[in-house]
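Trainee: output the structure for:
(one chain, ligands or ions: 1)
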Amino acid sequence: MAPDISAAASPVEKTWQTHLILNDFYGELDLRQPRRDHMHELISTMLSHRTTHANEEKAYYRMRERYPTWPEVMATPLEDLTAALETAQYPGAKAINIQKALKIIQEKSPDFTLHFLKELPVEEAMTWLMHLPGVGFKTATLVLLFNFHQPVLPVDTHVFRVSQRVGIIGAKVTAQKAHTLLLEMLPREAPVLFNFHKHLYWHGQRICTWKLPNCEACPLQMFCNYFHEVREKGIG
Ligand code: SF4
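Mentor: Okay, here's the model as predicted:
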């Protein structure tokens, strides 16, 4: 039975209903199997800035083919690494950041693993990851949630847009602030946060797209601010 909830519902109520409804719509996902190992997640996400997923993958796998170990990636001349990463945007800057980040990781963990992050309090693990060059809030939360099952929430452009349109967060909230606000409204449980992230990400890619949201196909329509304030009135 559809929940009885309107656009006037509180952000907390909307957040929880969004989670439940999208769980049904897309199916609940299992967090136990990460999509890629943690170093792959970290470096690939560093490559993903302003780059399509296909091109990010091409860059990552070409680099690993040419330089199969992390010490080889670190030791290769910058112009060669840049050439290997050419399908990503800004390959030169990304090559510099990757080499610098690997050096810092090696100093902390000579076998290039980040398992020590699991032992740190979440805030400390976030701070450590974000002191790596080229690693921002989104990358740090992705690695900590996907690979180490820490209760953080990656807020990318899709999660952000859907949350704003539905009316969970305000129009002027920044992505970093959105992370804090959304976390306050969700249980601090990694499986819930993982499903919330993935489902809003898919929803933003497939239905609530930036250019033209397909509200007719959307199961969040009944309580979505954007639908009631803009689409239903034929404004946009
Ligand atoms: S009703 Fe429309 S605007 Fe609202 S979340 Fe769904 S697709 Fe996006």
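
Trainee: could you use CA atoms for every contact and neighbour count after this?
Mentor: OK.

Trainee: what's the end-to-end length of stretch 164-175?
Mentor: Taking C-alpha to C-alpha, to the nearest Å, the first and last residues of stretch 164-175 lie 11 Å apart.

Trainee: can it be said to contact the ligand?
Mentor: Yes - between stretch 164-175 and the ligand, judged by C-alpha under 6 Å from any ligand atom, the touching residues are 165, 166.

Trainee: for the ligand, what are the nearby residues on this protein?
Mentor: So the chain meets the ligand at 162, 165-166, 207-208, 213-215, 218, 220-221, 224, 226-227 (C-alpha under 6 Å from any ligand atom).

Trainee: among these, which lie within helices?
Mentor: If you go by DSSP state H, those have 162, 165, 166, 226 in helices.

Trainee: residue 138: what's it in contact with?
Mentor: Contact analysis of residue 138 by C-alpha atoms under 8 Å, 6 or more residues apart in numbering lists 154, 155, 156.

Trainee: same question for residue 190.
Mentor: Residues in contact with residue 190 (C-alpha under 8 Å, 6+ apart) are 31, 145, 149, 150, 151, 152.

Trainee: and the spatially most central residue of the chain, what helix or strand is that in?
Mentor: Nearest residue to the geometric centre of the chain (C-alpha atoms, centre = their mean): residue 154, 4.1 Å. Using DSSP states H and E, residue 154 falls within no helix or strand.

Trainee: now do the contacts for it.
Mentor: 137, 138, 139, 141, 142, 145, 179, 197 are the contacts of residue 154 under C-alpha under 8 Å, 6+ apart.

Trainee: follow-up on the earlier one: kindly reformat the contacts of residue 138 as JSON lines containing pLDDT.
Mentor: What follows is those, written out as JSON lines (pLDDT from 0 to 100):
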{"residue": "154", "pLDDT": "93"}
{"residue": "155", "pLDDT": "93"}
{"residue": "156", "pLDDT": "91"}
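
Trainee: out of the residues you listed, which comes closest to residue 90?
Mentor: The nearest member of the contacts of residue 138 to residue 90, counting by C-alpha to C-alpha, is residue 156 at 19.6 Å.
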